[in-house]
Every structure is written in structure tokens, then in C-alpha cells.
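Undergrad: just the structure for this:
(one chain, ligands or ions: 1)
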Amino acid sequence: MKKFTLLIFNIIMFSIGNCGGPLISRFYFIHGGQRIWLSSWLQTIACPLILIPLSISYFHRRKIESPATAKILSITRREILGSTGVGIIAGLDGYFISWGPAKLPVSTSSLINATQLAFTALFAVLLVKQKLTVYSKLSVFLLIAGAATLALRGNGDRPTGVSVKEYVIGFVMTVMGAVCFGLMLSLIELIYIKAKNAISYTMVLEIQLIIGVSATVFCTIGMIINSDFQAIPKEASEYEIGEAKYYLVLVWCAIIWQLALLGLVGVIFYSSSLLSGIIGAFLLPVTEILAIVLFHEKFQVEKGVAIFLALCGFVSYFYGEIEQSKKEKRDNFMNDRLNYIVLHQND
Ligand SMILES: Nc1nc2[nH]cnc2c(=O)[nH]1
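TA: Numbering: from 1, shown residues only. From the prediction side, this is the model:
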């Protein structure tokens, strides 16, 4: 029951963050925000929030074990190093995907972002040596075809004030973000596979914290080079909806993006990456509708086709995953039977 409650709690966090993250980032840009590095930094700066569940877990462990043996960090040095590397990719991902809300309608950038599932599948083949089933191959094709439909349409939904060149950069950068995110998820899975001890939720949070800290350091360097910190007071004073609301948008941006990441790792831990993908698929049309209602974005036929192709891609991917896990269960069952027969044949 406790596990189920925690799963629901994480699904809620993931849903708020998944839909709300791109929307609030777009809100920042629509009303006069211009800083791409600041927007990337906001995606991970709230990572110290992870210290709340981590401290609860630590004090709980101190109660169960003796205070002297309860370690502050459960993960090994190798896992810290791996997580730091993934964090740098996460920082780069944050930079790439910030170009989406800056230059594209949310309904377009969310559809491009959906290709991350295709890249996750491709990196899983390269890094985790997972085999692509015919269904996952089909889903890779459908997801990329969905994004290609948007690309071929040209820039029919280009927001006013955005040049064709900026629109194209926004499009390409969002695709690069999807590649980075796919790589990140496969590398995190690799860290779990290579871990010597069974992975606990505390370890997952520790990995998440290190990823968040190194991504934030990466984006802080970007902000310093781009003089973003000096630009914040001026941007705030000129913000269309007022200075106080500017800072409020930044704070909510940081919280909502952190909810997305915390919720994602929670759903994967308490259930599976399959469920996180299914929820993500369900949330894609929700984000599209919210973008149209809140920002009055255009909805052309091409977007309808792209959503349809993306949803078919999702279904094909999930069907393949379910078939694959059924096959693995059958194979394990047969192996267990064979081992049993070999062990007991002389009885
Ligand atoms: N590229 C990408 N980066 C993210 N960071 C948090 N969520 C996402 C996502 O859905 N896509």
C-alpha cells in the first residue's frame, strides 16, 4: 500500500512537471525573457530539494542501523563519477531544449521532444546491448516520421518576432535535446546495471542529486560566460508583467522542472520506465491542448498528423516492450525447469 501511494505521488509530480515545465519556460520567453542559459540553469537549480527525501531516508536509516554505521552516501565512487558525467550531458540537454520554448510554440517543441523515445531505444542498443524488436524499430520510424512531418511543413507556425533562421535553430536544438535525453536515460540505466549492490530508492535520489549539481555547475559556467547574472535585474525591471512576477516565474520554473525529474525517477523506480513512457505519451496531447488554450497557438493539420504518428509510435514501442518482457519471463521459466530437471535427474 505504501509503495502504491508513493507511486501515485510520483505520477502526480511527473505529470505536473512534464506538462508544466515546457509551458512555464515558454511563459518566461513570451513576456520578455531572452536568456537561454538562465532557462537551462532553472531546470536543475532546484536539485537541493532532493535533500528533503534524502535527509528523511538518512535519519530513518540512523534509527534502524546504529548512528555510527549509517553512511551519509550509499553510492560508490564509481557511481558518483558516472553520475557527474551524466550531469554534464543533462546540462547540455537543458541548454538544447531551452531553445524550444525560446523560439517555437510549445505544441511544436513537445512533439519534437517526443522523438526522445526513439533515441532512448537506439542508445539502449548501443550501450545496454538491448535488442530492438520489430515493434521498437517501427516506433523509432514513426516517431522520427512525426517530427519530419513538422520539419517538412516549413515554419507555418513561426511565432511573430522569430526569424526563419531562429526557428530552424530552435527546431534543430530541440532534436539535439531529445538525443541528449535518450543518451542520458540509457547511461543512467547502465549505471544501475553496473552497480554492485541492489539499487535502492535512496541511491536513485543520490544519483539524481549528483546529476542535478553537475548540470547546474555546467549551466552556471554558461551563464557566467554569457553575462546572464548581470542581465537578470535589467530583464526583471523590463518584464512585461512586472518585476515581482518575473522572479516568481523563475522560482516556479525551477520547482516545476525539478518535479518533472523527481517524478520521473520515482515512477521508474516504483514501477517501470515503460509506465513513465506511457504517462509521457498520455501527457503529450494534454500539453498540446494546454498550449493552444493558454497561448492561443495555431493547430494545423500537420500537428494532428504528427501527434497521430507519435501516438502510434508510442503504442508500437509499449507493445514491443510488453512482448519482450513476456518472452523473457517464458525463457526464465524454461531455464528454471531445465535446471530443475538436470539437478533432479538422478533422484
Ligand atoms: N530533452 C528532454 N530533456 C528533459 N529534461 C527533463 N525532461 C526532459 C524531456 O522530456 N526531454
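
Undergrad: what parts of the stretch 101-250 of the chain come near the ligand?
TA: 113, 116, 177-178, 181 (CB under 6 Å from any ligand atom). Placement of C-beta: from N, CA and C, glycine included.

Undergrad: closest one of those residues to Ser200?
TA: Ranked by distance to Ser200 (CB to CB), those are led by Phe181 at 24.4 Å.

Undergrad: count the neighbours of the closest one for me.
TA: 23 (other CB atoms under 10 Å).

Undergrad: what score does it have for pLDDT?
TA: Per-residue confidence (pLDDT) for Phe181: 92.

Undergrad: excluding its backbone neighbours, what's nearest it?
TA: Gln116 (4.5 Å; CB to CB, 6 or more residues apart in numbering).

Undergrad: likewise for Phe141?
TA: Using CB to CB, 6+ apart and skipping the chain neighbours, the partner closest in space to Phe141 is Gly313 (7.7 Å).

Undergrad: how about low-confidence regions in the protein?
TA: Judged against pLDDT under 70, the low-scoring parts of the chain cover residues 1, 67-68, 154, 346-347.

Undergrad: can you pull the contacts of His31?
TA: Neighbouring residues of His31 by CB atoms under 8 Å, 6 or more residues apart in numbering: 239-241, 249.

Undergrad: nope, Asp228 is what I meant
TA: 35, 37-38, 41, 222.

Undergrad: list the contacts of the one residue in the stretch 51-200 of the chain that gets nearest to the ligand.
TA: Relative to the ligand, the nearest point of the stretch 51-200 of the chain is Phe181 (3.4 Å; CB to the nearest ligand atom). Applying CB under 8 Å, 6+ apart to Phe181 gives the contacts 93, 97, 113, 116, 119-120.

Undergrad: now name the helix or strand holding it.
TA: In this assignment (DSSP states H and E), Phe181 forms part of helix 164-194.

Undergrad: C-terminal to that helix, what's the next element?
TA: Using DSSP H and E, the first helix or strand after helix 164-194 is helix 201-225.

Undergrad: okay, the angle between that next one and helix 164-194?
TA: On the basis of axes from the mean of the first three to the mean of the last three CA atoms, to 10 degrees, helix 201-225 is oriented at 150 degrees to helix 164-194.

Undergrad: picking that back up, chain center to the helix holding Phe181: distance?
TA: 9 Å (CA atoms, centre = their mean, to the nearest Å).

Undergrad: ok, stretch 45-54 next?
TA: Counting by CA atoms, centre = their mean, stretch 45-54 is centred 17 Å from the centre of its parent chain.

Undergrad: end-to-end on that stretch?
TA: Distance between the boundary residues of stretch 45-54 (CA to CA, to the nearest Å) amounts to 17 Å.
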